[in-house]
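*Asks:* From the sequence below, what's the structure:
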Amino acid sequence: MKTSTLSWKSCATALTLLLSSYPLLHAADKEKGMEEMWGEDTVAINAGHPSLKWFVEDKYAMFIHWGLYSDMGGIWDGKTYYGIGEWIMHMAKIPVDDYKAYASQFNPQKFDAKEMVQLAKAAGMKTIVITSKHHDGFALFDSAASDFTVTKATPYKRDLMKQLADACAEEGIRFGFYYSQNQDWTEPYGGNYKGERPAGYTPEDFDIYFNEKVVPQVTELLTNYGDIAVIWFDTPGSMPKKYSAKLVELVTELQPDCLVNSRIGGGYGDYVSLGDMHIPPVRPNVGVWETV
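*Replies:* Take a look at the predicted model:
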């Protein structure tokens, strides 16, 4: 078994979230490229949400993309794939079983949550958001709803998100989760599954994935890790509005102070997330917004 000796600095893609003040146009939903799955054309901003005050004032946060794809470093089967590292399963057309088996090599022994949080704090960041589950379906937290998790599928066995949540609480840094609610490339009923669908599959079977994995996992994230400042959903694509509404209901019930970004879909969201890497030349006149 290969053991990863890389520190989190080598494995994680840390991006800044620039939080700004004061619905934005998103690309049309065509279920094609990543940009075309970001969400609705317009978002009804929840201007009365009390947490928008800190969001507008903080200005600066750390956004961490980290998972099995990080350990691969853009290389699969001896070939380098250039582009977005967390999309390597898609770019390299890695079979589901092979990708899931790679978890046996994920063993981040040098992960140091306290060091990570102190670095963000020293840089002036007020919030950390991290990929609890990206499109590949792998969870960096312990989950009763899936076996494809850091605690069950890897030799590391420990809940990385619990360590980070505790370190943020200790250092006074707000903490949030990224969660891919629609796309799940390793779940047979998930959005854009990369394997062969079960016999008799219909698009309505997305309901199975949503109710048996998404709802339980989002519930776990909102109940097992203390106060959550933001839950950052991504690529709703053509996911029906009823699913977005259910997620809003969950957040409101379990963490009423938690903000939700516009990529939850369905026209919901407490603020707007601009497109990835979109640095607007002038301040957008679009309400409360952020850019990565």
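*Asks:* How far away from the center of its chain is the helix or strand hosting Tyr178?
*Replies:* Using DSSP states H and E, Tyr178 sits in strand 174-180. Centre-to-centre, strand 174-180 and its host chain are 6 Å apart (C-alpha atoms, centre = their mean, to the nearest Å).
*Asks:* Now it: buried residues?
*Replies:* Judged by neighbour count using 16 or more other C-beta atoms under 10 Å, the buried positions of strand 174-180 are 174-180. Bear in mind the C-beta positions are built from the backbone N, C-alpha and C, glycine included.
*Asks:* can you put those residues in a markdown table and add distance to Tyr189 and pLDDT?
*Replies:* Listed next are these as a markdown table, based on distance: C-beta to C-beta, whole Å; pLDDT from 0 to 100:
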| residue | distance to Tyr189 | pLDDT |
| --- | --- | --- |
| Arg174 | 33 | 98 |
| Phe175 | 30 | 98 |
| Gly176 | 27 | 98 |
| Phe177 | 22 | 98 |
| Tyr178 | 21 | 98 |
| Tyr179 | 17 | 98 |
| Ser180 | 14 | 98 |
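*Asks:* sorry, back to before: quick one: strands adjacent to the strand holding Tyr178?
*Replies:* strand 127-133 (parallel), strand 230-234 (parallel) (DSSP bridges).
*Asks:* doesn't Val129 make contact with Phe63?
*Replies:* Yes: using C-beta atoms under 8 Å, Phe63 is in contact with Val129, at 5.0 Å.
*Asks:* Which parts of this structure are strands?
*Replies:* Applying DSSP state E to the chain gives strands spanning 13-19, 60-65, 75-76, 79-80, 127-133, 174-180, 230-234, 259-260, 272-273, 289-291.
*Asks:* Switch those over to a markdown table; also include distance to Leu221.
*Replies:* As requested, these are exported to a markdown table (distance: least, C-beta to C-beta, whole Å):
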| stretch | distance to Leu221 |
| --- | --- |
| strand 13-19 | 18 |
| strand 60-65 | 15 |
| strand 75-76 | 29 |
| strand 79-80 | 33 |
| strand 127-133 | 6 |
| strand 174-180 | 5 |
| strand 230-234 | 7 |
| strand 259-260 | 12 |
| strand 272-273 | 18 |
| strand 289-291 | 20 |
